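In: no FASTA, just this:
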Ligand SMILES: [Zn+2]
Ligand SMILES: [Zn+2]
């Protein structure tokens, strides 16, 4: 860009450094799980209101979702969405570093707002709750909160830096078996042991793994294994997650899992109830937008490594099927510290993490500015998106 916007956006982020770092540390110190992010969302909404945004909070059907808009004074144009997560992991806190995502998103939004008098089009900040467990972005898509958005972007902290991300399609399954209780010693034969069904399902899943492709993942926990050792369990329940890089394989896995669950129920003469929820799709990374973000990263002297082969899942995949989307990963450590760990949680409030949040804010703002001011860039991103759709 020759209009000096890159420098002005970087300066606008730096000028807000103290406030942004305070926001990051406030969210980190007060971890709130999905759909319970009252303090984080209130703090963000207040900052954006003060920054001149028209803020909806709650937004749509979700109390902790935010939609904040600012229309540029540079004439009509496109609409760019900056996304921010702020949910924590239950029992672990910010082991995924979503305080950094929130800070980068807010910083990018405020920097763009500082240039709003010359900005064509519209900027939308979307605060997206419950990424970890409940696919909050799908709820927001269903609520129409992405209406009119031409491209979406956010950053995520990691142990490696790469603009592109590969995600596993993911879905959760709640399995409940209902049998009949009985005294475990005096008349166990009159009971129907629901826990037997659940144990059989774990056996089936274990055997199934040999036939699964290397990228497939199935993992589960027992959420109800009975109430007393001397009572045949009348109820047993489990929570599983199924994942695959291939959307087609993922659909087939769900059919097979259902068949195994029902067979286990039949074997133990227990009724089977299945509830599939929190569906996240594989990621359709937009290379055009990813390359532009990468160029801004390089300007900030941040080098990219290879795309991580340690795959997870995110509801950003659902967004990526709706509009051209990027979700760059930015390293907050040089060590292979796994996400969702105590060590990663502790890294998420260090000076390095604070600096990465500001770099993320700057590169998001610069990339968004390019999309708003360079119609050819969005046209190329759109063409790539449509080619992938057809
Ligand atoms: Zn996570
Ligand atoms: Zn995360």
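Out: Looks like it came in fine. Given the structure is predicted, the values throughout are model-derived calculations rather than measurements. Ligands and ions are numbered 1, 2, ... in the order given.

In: What segments of this protein are helices?
Out: 5-15, 17-29, 38-50, 98-114, 131-134, 136-142, 194-208, 247-267, 287-299, 316-320, 342-347, 351-373, 375-389 (DSSP state H).

In: Most tightly packed of the ones you listed?
Out: Among the helices of the chain, ranked by average contacts under mean count of other CB atoms under 10 Å, first place goes to helix 98-114 (a mean of 28). C-betas here are computed from N, CA, C, even on glycine.

In: so it versus helix 17-29, what angle?
Out: Relative orientation of helix 98-114 and helix 17-29, computed by axes from the mean of the first three to the mean of the last three CA atoms, to 10 degrees: 150 degrees.

In: And helix 98-114, how far out from the chain middle?
Out: 16 Å (CA atoms, centre = their mean, to the nearest Å).

In: what helices or strands is it leaning on?
Out: helix 5-15, helix 17-29, helix 38-50, strand 66-71, strand 79-84, strand 122-127, strand 156-158, helix 351-373 (3 or more CB pairs under 8 Å, 6 or more residues apart in numbering; DSSP states H and E).

In: Out of the helices of the chain, flag the one nearest residue 175.
Out: helix 247-267 (5.4 Å; CB to CB).

In: picking up where we left off before, distance to residue 85 and mean pLDDT for the helices of the chain - can I get that in JSON lines?
Out: Putting the helices of the chain into JSON lines (distance: least, CB to CB, whole Å; pLDDT from 0 to 100) gives the following:
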{"stretch": "helix 5-15", "distance to residue 85": "19", "mean pLDDT": "98"}
{"stretch": "helix 17-29", "distance to residue 85": "10", "mean pLDDT": "98"}
{"stretch": "helix 38-50", "distance to residue 85": "10", "mean pLDDT": "98"}
{"stretch": "helix 98-114", "distance to residue 85": "4", "mean pLDDT": "98"}
{"stretch": "helix 131-134", "distance to residue 85": "5", "mean pLDDT": "92"}
{"stretch": "helix 136-142", "distance to residue 85": "8", "mean pLDDT": "97"}
{"stretch": "helix 194-208", "distance to residue 85": "30", "mean pLDDT": "98"}
{"stretch": "helix 247-267", "distance to residue 85": "23", "mean pLDDT": "97"}
{"stretch": "helix 287-299", "distance to residue 85": "17", "mean pLDDT": "98"}
{"stretch": "helix 316-320", "distance to residue 85": "9", "mean pLDDT": "97"}
{"stretch": "helix 342-347", "distance to residue 85": "15", "mean pLDDT": "98"}
{"stretch": "helix 351-373", "distance to residue 85": "12", "mean pLDDT": "98"}
{"stretch": "helix 375-389", "distance to residue 85": "22", "mean pLDDT": "96"}
